[in-house]
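S.K.: sequence and predicted structure, then a few things I'm wondering about:
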2 protein chains.
Amino acid sequence: MQTAAAKTFRELCAEHGIAVTHQRQVLYEVMQGMSGHPSPEEVYARVKKKIPAISLATVYKNINLFVESGVFRKMSMHHGSVRVEMNSEAHHHMVCSKCKAITDIGEQELGLVSKRTRLPGGFLVERYAVDVIGLCPKCQ
Amino acid sequence: MQTAAAKTFRELCAEHGIAVTHQRQVLYEVMQGMSGHPSPEEVYARVKKKIPAISLATVYKNINLFVESGVFRKMSMHHGSVRVEMNSEAHHHMVCSKCKAITDIGEQELGLVSKRTRLPGGFLVERYAVDVIGLCPKCQ
DNA sequence: TTGAATGCAAACTTTTTGCAAAATT
DNA sequence: AATTTTGCAAAAAGTTTGCATTCAA
């Protein structure tokens, strides 16, 4: 009964030129079954229930691999350290997916339209923080 | 000629009930003069030129203080660890400013309009990643 | 003089790395 | 048989904390 799923995972690995290991497969399946935005530690805790001997390093290595391959995504651009900004004008950010450079863009220039202050589920909007992901002129 | 600036900084400190120290003032001025999105280490490097004996811990403590006071801002919600997501539908995030809970919201429901693929400065858009900051139903 | 802030070092958290042993191709 | 992956432990990064000393109010 694992034939179908196993095959899909095999194909996925073949596409990305990576080996099909037991750890990798279980990690993939566990992650597929998780909703929300888990941290590596949370993923590790779940995988450990199925493979008690797995190491955190393996979890990290494979999460990175999955993210680099585009199988899963990071929730947001993660710069190693906190970034502060002094610009107090209402603005958003253009983030280059290649060189990671961040450039400000004014609310006006961005031209996103939405004045809604209440969203489905009853969420009360304070403000929008937009990251535009793309390629800066240099990297195009 | 530091009367005006010094006075403003004094007032700022008074407003927030914090002491006016030399380190604090230089840090504030240096940060005001920085554009972009510096990390604490970058700020530290700059401040060190003016106060070579300053410690990194002081820089951290004061940056945190400034951010908590609303004097400066963090560039983005910073969760201690990387967050991965498996949801491959086009969606965005509602982030509660009180309890920090993150909920997905579909591109459709969000209803932000912008089909622009080229932004001022020649930035080529791949996709938009929107964080809606506000209050979730529970926290309102 | 009293409480707050600084500097230093140690501790902590998150993530990466080197390497021998094991598994995959 | 060659290569990749794993697990472990050590090392990096980034950030916070405890405490004695110094400074501001």
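M.R.: Great, that's in hand.
S.K.: now the strands for chain A?
M.R.: Counting by DSSP state E, chain A has strands at residues A:73-74, A:84-85, A:91-96, A:102-106, A:118-119, A:123-135.
S.K.: next, format those as JSON lines and append mean pLDDT, mean neighbour count and distance to residue B:18.
M.R.: C-beta here means a position set from N, CA and C on the backbone, and glycine is covered the same way. Formatted as JSON lines, the strands of chain A follow (pLDDT from 0 to 100; neighbours: other CB atoms under 10 Å in any protein chain shown; distance: least, CB to CB, whole Å):
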{"stretch": "strand A:73-74", "mean pLDDT": "93", "mean neighbour count": "15", "distance to residue B:18": "36"}
{"stretch": "strand A:84-85", "mean pLDDT": "96", "mean neighbour count": "22", "distance to residue B:18": "17"}
{"stretch": "strand A:91-96", "mean pLDDT": "92", "mean neighbour count": "21", "distance to residue B:18": "27"}
{"stretch": "strand A:102-106", "mean pLDDT": "93", "mean neighbour count": "17", "distance to residue B:18": "28"}
{"stretch": "strand A:118-119", "mean pLDDT": "92", "mean neighbour count": "14", "distance to residue B:18": "36"}
{"stretch": "strand A:123-135", "mean pLDDT": "92", "mean neighbour count": "18", "distance to residue B:18": "26"}
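S.K.: looking at these, which is closest to DNA strand D?
M.R.: Closest to DNA strand D of these is strand A:84-85 (CB to the nearest atom of the strand; 9.7 Å).
S.K.: what does that closest one contact?
M.R.: A:104, B:31, B:36-40, B:43, B:63, B:66-67, B:72-75 (CB atoms under 8 Å, 6 or more residues apart in numbering or on different chains).
S.K.: right, is that strand up against DNA strand D?
M.R.: No. Strand A:84-85 stays out of contact with DNA strand D when judged by CB under 7 Å from any atom of the strand, the minimum separation being 9.7 Å.
S.K.: related to what we said a few turns ago, and the strands of chain A as a markdown table, adding distance to residue B:92?
M.R.: Formatted as a markdown table, the strands of chain A follow (distance: least, CB to CB, whole Å):
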| stretch | distance to residue B:92 |
| --- | --- |
| strand A:73-74 | 13 |
| strand A:84-85 | 21 |
| strand A:91-96 | 13 |
| strand A:102-106 | 17 |
| strand A:118-119 | 10 |
| strand A:123-135 | 9 |
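S.K.: now which of the contacts of strand A:84-85 would you call buried?
M.R.: Neighbour-count burial (16 or more other CB atoms under 10 Å in any protein chain shown) is assigned, among these, to B:31, B:37-40, B:43, B:63, B:66, B:72, B:75.
S.K.: ok, and which of those residues reach DNA strand D?
M.R.: Contacts with DNA strand D within the buried ones among the contacts of strand A:84-85, counted by CB under 7 Å from any atom of the strand: B:39-40.
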